[in-house]
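Participant: Pasting the sequence and the predicted model now:
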Amino acid sequence: MQLERAQVVAKEVIERLSPYCKRIEVAGSTRRQKPNVRDIDLVLIPSDPWNLTHEIMGLGQSIVYGEKLKRINYNGTQVDLYYASEKTWATLLLIRTGSVENNIRLCSKAKREGWHLAASGAGLFDCIGQRVAGDTEESIYKALGLPYQRPEERR
């Protein structure tokens, strides 16, 4: 679908879910402002899990309904909802924004340092398992010695 349509769909879903979330933000290729988008990715921190679950169920048919990922069909569009906590928010937003190539670049750089960038969103960990970054997207780039890239630059 075209980016403009993806932005409309993302906005509709965010408006419906935001009353039940501490935070919710678009991720994926929509956040990167790619001209063509396959699906909608949202990262959220629930504030009212019970009502959030009921609202999600009202959005459309569930395709995947796990603890950390809910995938639904919203009016013919696949919407992936990734559940974060305050601690995992920034890293999960970074990973779920992508691109795949950018994630590989960040993970490869971490590995060369003997570190690990957790796809779960837990953060960036050094060789002895200490979390060295992850409170912000910028902190991960900085810890890896890389210049920060805005989402639309992550091709």
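Facilitator: Noted; the coordinates are in hand.

Participant: where's the nearest residue to Leu146 once chain neighbours are set aside relative to Gly134, distance?
Facilitator: Once flanking residues are discounted, Leu146 sits nearest to Lys109: 6.6 Å by CB to CB, 6 or more residues apart in numbering. The way it works is simple: take the backbone N, C-alpha and C, and place the C-beta from them, glycine included. From Lys109 over to Gly134 the distance is 15 Å, taken as CB to CB, to the nearest Å.

Participant: Compare those two (neighbour count), which wins?
Facilitator: Gly134 (23 against 18; other CB atoms under 10 Å).

Participant: what helix or strand does the residue nearest to Leu146 sit in?
Facilitator: helix 100-112 (DSSP states H and E).

Participant: Can you list the helices and strands that that helix packs against?
Facilitator: Contacts defined by 3 or more CB pairs under 8 Å, 6 or more residues apart in numbering; DSSP states H and E place helix 100-112 against strand 116-118.

Participant: Give the pairing partners of the strand it packs on; include direction for each.
Facilitator: With DSSP bridges as the test, strand 116-118 is paired with strand 123-125 (antiparallel).

Participant: next structured bit after the partner strand?
Facilitator: Next along from strand 123-125, by DSSP H and E: strand 131-133.
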